[in-house]
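[1] sequence? don't have it. structure:
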């Protein structure tokens, strides 16, 4: 399953492990399409397989080795997994379109003091103390919480990507300030050195160019003989001058100096003597 065909509802089944393929899992809200596009351009001979999983399933796939890397949300257990942070998401509050807070551009924690704020079990913000009034029960998932917001039961604070993922015509969202934010990271099995294909993907998500990317492609290029003209461009050396006519010599192609009164002269130049007197 690749590209947009992947769905969070799909069961976590992977192709058999192969050194000529790369298996990437990602959690809801994360969109890997731009990095997948670069991968396909740089490594067209290495298929990239995508699978959308819940956070718990994604970490399980990484630990079991049924995925090579994953786009997940921090925190990551560093005992058996490595991770590099990629970006931080804006936190928003999801509300009905006719809610009073919909008139504001931004919402603060104080604005939620009298609101019932839902706190699903798969929450990604890691609150020490969620704002607002607590619900009697926590929804199982963010999707369940969205349904409750649509029913007018409460409001929900989530990363902006999840608000977009669960978009509904009867709901909207506003930026929520001074609250925890979700950080997305690339994770893989802990090791002294990341596997070559993981290094390739790290280079892509970090924006490295083809020439600066480390991994199997860079290793393959080591020791390769460079063309002479490429070496000269890198060293700044200029092509040598042979001095032969037509070969870049400074004197090549210069016309021969004319002698006074020589062939082709008019006799009226400065070196051609005095002009004749008219009778």
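    Thanks, I have it. Keep in mind that this is a model prediction, so the values were computed, not measured.

[2] please count neighbours and contacts with C-alpha atoms only from this point.
    Will do.

[3] and residue 91, bridged to which residues?
    residue 159 (DSSP bridges).

[4] that one - how many residues pack around it?
    24 (other CA atoms under 10 Å).

[5] hmm, it is touching residue 158, no?
    Yes: counting by CA atoms under 8 Å, residue 91 touches residue 158, with 5.7 Å between them.

[6] where in the stretch 1-150 of the chain is pLDDT low?
    Along the stretch 1-150 of the chain, the model assigns pLDDT under 70 to residues 1-19.

[7] quick one: the helices in it?
    33-42, 55-64, 142-150 (DSSP state H, counting those that start in this stretch).

[8] counting contacts, what elements does the second one pack onto?
    Going back to what we said before, that points to helix 55-64. Here helix 55-64 touches strand 69-73, strand 183-189, going by 3 or more CA pairs under 8 Å, 6 or more residues apart in numbering; DSSP states H and E.

[9] same deal with the first one?
    Under the contact criterion of 3+ CA pairs under 8 Å, 6+ apart, the helices and strands touching helix 33-42 comprise strand 48-52, helix 196-205.

[10] how about the ones you listed in CSV, adding distance to residue 36?
    As requested, these are arranged in CSV below (distance: least, CA to CA, whole Å):
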stretch, distance to residue 36
strand 48-52, 7
helix 196-205, 9
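
[11] now mean neighbour count too, for those, in JSON lines please.
    Converted to JSON lines, those look like this (neighbours: other CA atoms under 10 Å):
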{"stretch": "strand 48-52", "mean neighbour count": "23"}
{"stretch": "helix 196-205", "mean neighbour count": "20"}
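
[12] and the ones you listed: which comes nearest residue 164?
    strand 48-52 (16.2 Å; CA to CA).

[13] packing partners of that closest one?
    strand 22-26, helix 33-42.

[14] ok, and what's touching the last one?
    With CA atoms under 8 Å, 6 or more residues apart in numbering as the contact definition, helix 33-42 has outside contacts at 3, 46, 47, 48, 201, 204, 205, 210.

[15] of these, which is the nearest to residue 80?
    residue 201 (19.5 Å).

[16] for that closest one, give me its contacts.
    residue 39.

[17] use 29 as the first number for this chain going forward.
    Will do, 29 is the new start, and the previous item becomes residue 229.

[18] for residue 93, see how far away it is.
    17 Å (CA to CA, to the nearest Å).

[19] and residue 222, by the same measure?
    From residue 222 over to residue 93 (counting by CA to CA), the distance is 13 Å.

[20] indicate which one of the helices of the stretch 29-178 of the chain is closest to residue 190.
    The nearest among the helices of the stretch 29-178 of the chain, by CA to CA, is helix 170-178 at 8.3 Å.

[21] wait, isn't residue 146 in contact with residue 182?
    Yes: using CA under 8 Å, residue 146 makes contact with residue 182 at a distance of 6.3 Å.

[22] who has more neighbours out of these two?
    A direct count of neighbours by other CA under 10 Å for residue 146 and residue 182 places residue 146 higher, at 28 against 22.

[23] hey, what's the more buried one bridged with?
    residue 184.

[24] which residues touch it?
    Residue 146 neighbours (CA under 8 Å, 6+ apart): 162, 163, 166, 167, 173, 182, 183, 184, 185.

[25] what's around the fifth one, how many residues?
    Going back to what we said before, that points to residue 173. 24.

[26] surely it touches residue 185?
    No: contact criterion CA under 8 Å: residue 173 and residue 185 do not qualify, at 9.9 Å.

[27] okay, and the common contacts of these two?
    Shared contacts of residue 173 and residue 185 (CA under 8 Å, 6+ apart): 146, 147.

[28] got the contact list for residue 115?
    Taking CA under 8 Å, 6+ apart as the test, what residue 115 contacts is 211, 212, 213.

[29] residue 125 contacts residue 199, correct?
    Yes: Residue 125 is within contact range of residue 199, at 5.0 Å (criterion: CA under 8 Å).
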